[in-house]
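>>> Build me a structure from this.
(4 chains, ligands or ions: 4)
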2 protein chains.
Amino acid sequence: MVHFANYSEENYLKALYKLELRQVKKITNSAVAKALDLNPATVLEMMRKMEQKKLVELLPDKSIKLTEKGSKKALRTIRRHRLWEVFLVKKLGFTWNEVHDLAEQLEHIDSDELVNRLDEYLGFPPFDPHGDPIPDKLGKIKKQVAVPLTSCQQGPTYQVQHFAETSDAFLQYLGQVQIAPGSKIKIVGINAYDQSYSLQLGRRSVQVSEKAAANILVQPADH
Amino acid sequence: MVHFANYSEENYLKALYKLELRQVKKITNSAVAKALDLNPATVLEMMRKMEQKKLVELLPDKSIKLTEKGSKKALRTIRRHRLWEVFLVKKLGFTWNEVHDLAEQLEHIDSDELVNRLDEYLGFPPFDPHGDPIPDKLGKIKKQVAVPLTSCQQGPTYQVQHFAETSDAFLQYLGQVQIAPGSKIKIVGINAYDQSYSLQLGRRSVQVSEKAAANILVQPADH
DNA sequence: GAACTTTATTTGGCACACCAAATAAAATTT
DNA sequence: AAATTTTATTTGGTGTGCCAAATAAAGTTC
Ligand SMILES: [Mn+2]
Ligand SMILES: [Mn+2]
Ligand SMILES: [Mn+2]
Ligand SMILES: [Mn+2]
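Ligands and ions are numbered 1, 2, ... in the order given. A predicted model of the protein is given here:
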C-alpha cells in the first residue's frame, strides 16, 4: 500500500478541531505539536501541505485555522471514532476507559458506507461512552455546552473549557492550583463538611472550594 | 504514528501463507511480487528483513518458506480478516462480495482482545462468508478440503487447488483451456443437454465437459 | 556448449512522515 | 532600546516501503 489512507492527516485535523473547540486563542504549530507530541518542524511541514489541499488556512499572524473543508473532514473522523467507541462498549462489552486507543485505530478505516451502517446498527446513538456528541452523517454535531464542575459527577474525566468569572483574584487562584482551559479533572470527592471539592489533575491532587468549582466550566473529556 | 503497525508485513505473511496453501512448488520473490502486485526487488528487500525477524526462511534454492512463527502470524491476520467479514455480513448487512476490501483494512487493527471479543460476539463462527475456515484463538484452522467442481454451485468464485487425474491428455487439455492451480473460476451455467460446464475465468469464458469438471478440485476463493 | 531467454539481485532514487540542531524572527524583560 | 528569552523556520538528516533500470546468474534452446 505505502499510502496509508490519510492516517496522519486525519489525526492533524482532529487535533486542530479540538483546539478550536477549546477556544485556544491562537493555534500555532507548537500548540499542535504539543497536542500530537510531534516536533514543531514536522507540524509546519504538514500544515503547508494541508494548506495546499485547502484543509487549513495559515493566517498572517502565524495562526492555523481549519477551513470549512477541513472541519468537515475532522468531523467525519470524530464521528467514526465515537461510533466505534459505542460499538466496543455496547456490543463487545469493553468498558468506557478501554476503548479510546482501539477507536484511535478504527477511526481511520476508510468507508462511509461502513460507518453509516454501524451508526444504524447501533441505533443512531447521540453520544459516545464518554458523553461526547456524535456528529451525524452530514457532520452536524450537538453544540457541546460547558457546565459548572458543581453539576458533574465523580468518576469521569472532564476538561476545563473556560471560567464563569474573570476577576484577577479568581484567575490568580486558578494559577495557584494550576487549573487552566484544557486541564483534565476528575472529581475524587466532595467534602461533606464544607462542600469543597477534591480534584485529581493528572497526578496532582487539589482541593477547591464550592464557590470556585461553580465557576469552573467543563465538559466531558472525549479522550 | 509513522510506524503503522505491521500493515505491510502482515500482507506479505498472508500472501506467503496462501501461496503455500496452494502448494505452489517454489515460492519465489517474483511469485510473491505477482501476488501482491509489487516489484520483485521490493519483495526481496522485505524478505531479507523478515528473515532477520525469523518470519521466513530463505532457502538455498532461492525459495521462501514461512517459519512456524511466520505461519502463526499469518493465521492471526487471516483470523481477523475472516471474523471481520462475518461481522460485516451478519451484523451490518453487507453482501459477501462487498466485504473483502473492508476486511483488508480491518484485519490490521492491532488487538487480540478485540478480535477475541468479536469472535465471541459472533458466536465463534467456523467459516467466513466465502466458506473459508476461520482459525481459532490458538491458530488452529480446519484443513481446507478441495472438492470437485461438479459439487459446486453457480455464483461464488472458486479457486483451483489440484486435479484428480494426472494423465497427459488431461493436463494438456487443461493447458488448452488455461486452467491451472490457482485459477479462479465461476460456474456460469450447466448445459442441460450434455451436462457440460460454462465457466468464467477472469474475462475468459470456457466450456468444459462434466468429466473434466469432476477432475478439477477447487475450494471457495477467499478473495 | 554457445546463444538466447528468463529470473534474481544490485543499485540508485523517490515520497512520506518524522526529528534534531541551527538560525531567524518575535516577544518580553530589564 | 538593548539584552534576553521564547517561538518559528530552515536545513540536513532518518526509516520504511516502494520502483525502474542495470547487471548478474540460471535455465533453455539450438
Ligand atoms: Mn476516544
Ligand atoms: Mn487516530
Ligand atoms: Mn476476504
Ligand atoms: Mn491487508
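>>> Run through the residues that contact residue A:4.
By Cβ atoms under 8 Å, 6 or more residues apart in numbering or on different chains, residue A:4 lies in contact with B:4, B:7. (Each C-beta comes from the backbone N, C-alpha and C, glycine too.)
>>> Also residue A:217?
For residue A:217, the contact set (Cβ under 8 Å, 6+ apart) comprises A:146-149, A:160-164.
>>> which one among those residues gets closest to residue A:70?
Comparing the contacts of residue A:217 against residue A:70 with Cβ to Cβ places residue A:161 closest, at 21.8 Å.
>>> That closest one belongs to a strand?
Yes - counting by DSSP: H, G, I helix; E, B strand; the rest coil, residue A:161 is part of a strand.
>>> Skipping adjacent residues, who's closest to it in space?
Closest residue to residue A:161 apart from its sequence neighbours, by Cβ to Cβ, 6 or more residues apart in numbering or on different chains: residue A:146 at 3.8 Å.
>>> Let me know how buried the one you found is, in neighbour terms.
18 (other Cβ atoms under 10 Å in any protein chain shown).
>>> Does it touch residue A:219 like I think?
Yes - at 5.0 Å, residue A:146 and residue A:219 qualify as touching, with contact defined as Cβ atoms under 8 Å.
>>> Just confirm yes or no for stretch A:146-159 near ligand 1.
No - judged by Cβ under 5 Å from the ion, stretch A:146-159 and ligand 1 are separated, with a smallest distance of 11.0 Å.
>>> What's the end-to-end length of that stretch?
End-to-end span of stretch A:146-159 (Cα to Cα, to the nearest Å): 9 Å.
>>> what's next to it, contact-wise?
A:22, A:130-131, A:161-162, A:164, A:182-190, A:197, A:210, A:213-223.
>>> go again using 7 Å as the cut-off
For stretch A:146-159, contacts defined as Cβ atoms under 7 Å, 6 or more residues apart in numbering or on different chains pick out A:130-131, A:161-162, A:164, A:182, A:184-189, A:197, A:210, A:213-214, A:216-221.
>>> Pull the distance from that stretch to the chain's centre.
How far stretch A:146-159 lies from its chain's middle: 14 Å, per Cα atoms, centre = their mean, to the nearest Å.
>>> buried sites along it?
Neighbour counts using 16 or more other Cβ atoms under 10 Å in any protein chain shown place A:146, A:149-150, A:152, A:156-159 of stretch A:146-159 among the buried residues.
>>> Next: stretch A:118-128.
By 16+ other Cβ under 10 Å, the buried positions in stretch A:118-128 come out as A:118-119, A:121, A:125, A:128.
>>> Just put those in TSV and tack on secondary structure, distance to DNA strand D and pLDDT.
Compiled in TSV, the buried residues of stretch A:118-128 are given as follows (DSSP: H, G, I helix; E, B strand; the rest coil; distance: Cβ to the nearest atom of the strand, whole Å; pLDDT from 0 to 100):
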residue	secondary structure	distance to DNA strand D	pLDDT
A:118	helix	28	98
A:119	helix	31	98
A:121	helix	32	98
A:125	coil	35	95
A:128	coil	31	87
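>>> Stretch A:98-114 close to DNA strand C?
No - for stretch A:98-114, no contact with DNA strand C is found by Cβ under 7 Å from any atom of the strand; the gap never falls below 11.2 Å.
>>> what about that stretch, average pLDDT?
Per-region confidence: stretch A:98-114 scores 95 on mean pLDDT.
>>> when you scan that stretch, is anything in it near ligand 1?
Yes - using Cβ under 5 Å from the ion, stretch A:98-114 comes into contact with ligand 1 via residue A:100.
>>> residue ranges with poor pLDDT in chain A?
Along chain A, the parts satisfying pLDDT under 70 run over A:1-3, A:166, A:168, A:222-223.
>>> ok, which stretches of it are helices?
Along chain A, counting by DSSP state H, helices occupy A:7-21, A:29-36, A:40-52, A:68-90, A:100-106, A:112-121, A:168-177, A:210-214.
>>> most packed of these?
Greatest average neighbour count among the helices of chain A goes to helix A:68-90 (a mean of 22), per mean count of other Cβ atoms under 10 Å in any protein chain shown.
>>> for that one, packing partners?
In terms of contacts (3 or more Cβ pairs under 7 Å, 6 or more residues apart in numbering or on different chains; DSSP states H and E), helix A:68-90 is packed against helix A:7-21, helix A:100-106, helix A:112-121.
>>> Tell me who's in contact with the closest residue to residue A:95 other than its chain neighbours.
Distance criterion Cβ to Cβ, 6+ apart; nearest residue to residue A:95, sequence neighbours excluded, is residue A:89 at 7.1 Å. Taking Cβ under 7 Å, 6+ apart, we find residue A:89 in contact with A:96, A:99, A:129.
>>> Now do the first one: how many residues are near it, please.
What it means is residue A:96. Using other Cβ under 10 Å, residue A:96 is surrounded by 17 other residues.
>>> cool, and the second one?
By the measure other Cβ under 10 Å, the count of residues near residue A:99 is 25.
>>> how about the residues of chain A near ligand 2?
Taking Cβ under 5 Å from the ion as the contact definition, chain A meets ligand 2 at A:11, A:104.
>>> follow-up on the earlier one: of the contacts of residue A:89, which is the nearest to residue A:84?
Using Cβ to Cβ, residue A:99 is the member of these that lies nearest residue A:84, at 7.6 Å.
>>> In space, what's closest to the residue of chain A found nearest ligand 2 - neighbours in sequence excluded?
As assessed by Cβ to the ion, ligand 2 sits closest to residue A:104 within chain A, at 4.1 Å. In this structure, residue A:104 finds its nearest non-sequential neighbour in residue A:81, 7.1 Å apart by Cβ to Cβ, 6+ apart.
>>> so that neighbour touches residue A:105, yeah?
No - taking Cβ atoms under 7 Å as the definition, residue A:81 is not a contact partner of residue A:105, at 9.8 Å.
>>> Tell me which of the helices and strands packed on helix A:68-90 lies nearest to residue B:44.
Between residue B:44 and the helices and strands packed on helix A:68-90, the tightest spacing by Cβ to Cβ is seen for helix A:7-21, at 26.9 Å.
>>> Distance from the chain centre to the closest one, please.
10 Å.
>>> got the angle for that helix vs helix B:7-21?
Between helix A:7-21 and helix B:7-21, the angle comes out at 140 degrees (axes from the mean of the first three to the mean of the last three Cα atoms, to 10 degrees).
>>> is ligand 1 contacted by helix A:7-21?
No - using Cβ under 5 Å from the ion, helix A:7-21 stays clear of ligand 1, coming no nearer than 10.0 Å.
>>> close to DNA strand D, is that helix?
No - Helix A:7-21 lies out of reach of DNA strand D by Cβ under 7 Å from any atom of the strand, never closer than 11.2 Å.
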